[in-house]
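**Q** I'll drop the sequence and a predicted model, then ask my questions.
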Amino acid sequence: MLEVSNQHIDNKKLSDEELIIAFQNGNVAAFNELVLRYKDKLVNFLFRYTGNRDDAEDLAQDTFVKLYRSKHLYKEIAKFSTWFYTIAINTAKTDSRKKNRYNSISLSEFDPDEDKDYELTANVISPEDSANASMEHHYIQKAIDALEDYFKEVIILRDIQDLDYDEIAEITGLPLGTVKSRINRGREKLKKSLSKIYNNKT
């Protein structure tokens with residue numbers, strides 16, 4: 001069993017799993033280190049899920065509050081990131097059901113002829129960008145927003161948060177085969193929509 005003493009700890013050298021155990025043992029500084037490590041990634045994830053920066057920041061705060069209050073529920077058999085994103089996505093889903101709001105993701109590079117995974121970037125096209133880029137961004141957002149929620153969820157976790165398939169299966173509670181199938185089908189739907197956009201430009 002992993003044990004982390006509260007004395008003379010350099011939290012920055014600890015793994016996520018060691019930090020949560022230290023926090024369970026009363027080391028509040030370990031919690032603060034987890035917040036530092038995950039806050040930006042968490043806000044980005046929640047922004048992609050909700051499409052609203054203010055909502056993302058509020059939900060991130062709610063997620064960390066739940067982490068603080070539920071620290072005793074973490075078990076060493078799980079990766080901390082898997083357990084943490086499970087809390088985050090459940091928080092986001094609850095909020096989404098209340099507001100019936102859909103997420104928005106920006107896509108900076110996409111080649112419909114490529115079979116390899118394409119990258120969903122974390123950057124939002126700014127108002128200062130060209131009118132053409134803004135129009136592309138508008139249609140790309142629209143294409144992704146048109147995806148069913150169960151496709152959006154796994155694509156965000158895989159292509160934005162870069163989680164592996166096993167982690168996504170644990171977070172969503174889905175069989176591994178279902179996760180892979182949904183990611184593939186979701187990507188195909190995006191390819192079809194985005195191919196139309198790029199073909200219409202030529």
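**A** The structure has been received and is ready for your questions. Because the structure is a prediction, the values reported are computed rather than measured. Residues are numbered from 1 along each chain as shown.
**Q** element containing the most centrally placed residue in the chain, please.
**A** For the chain, residue 45 is the residue whose C-alpha lies nearest the centre (Cα atoms, centre = their mean; 3.5 Å). When elements are assigned from DSSP states H and E, residue 45 belongs to helix 28-50.
**Q** For residue 182, see how far away residue 188 is.
**A** As judged by Cβ to Cβ, to the nearest Å, residue 188 and residue 182 stand 11 Å apart. No exception for glycine: its C-beta is placed from N, CA and C like everyone else's.
**Q** more crowded one of those two?
**A** More crowded of residue 188 and residue 182, by other Cβ atoms under 10 Å: residue 182, with 21 against 11.
**Q** pLDDT at that one, what is it?
**A** With respect to pLDDT, residue 182 scores 95.
**Q** what's the distance between it and residue 157?
**A** For residue 182, the distance to residue 157 (Cβ to Cβ) stands at 10 Å.
**Q** likewise residue 143?
**A** Separation of residue 143 from residue 157 (Cβ to Cβ): 19 Å.
**Q** So the two - more neighbours on which side?
**A** residue 157 (24 against 20).
**Q** I figured that one was touching residue 166, is that so?
**A** No: with contacts counted by Cβ atoms under 8 Å, residue 157 stays clear of residue 166, the gap being 11.5 Å.
**Q** what touches both of these two?
**A** The overlap between the contact sets of residue 157 and residue 166 (Cβ atoms under 8 Å, 6 or more residues apart in numbering) is empty.
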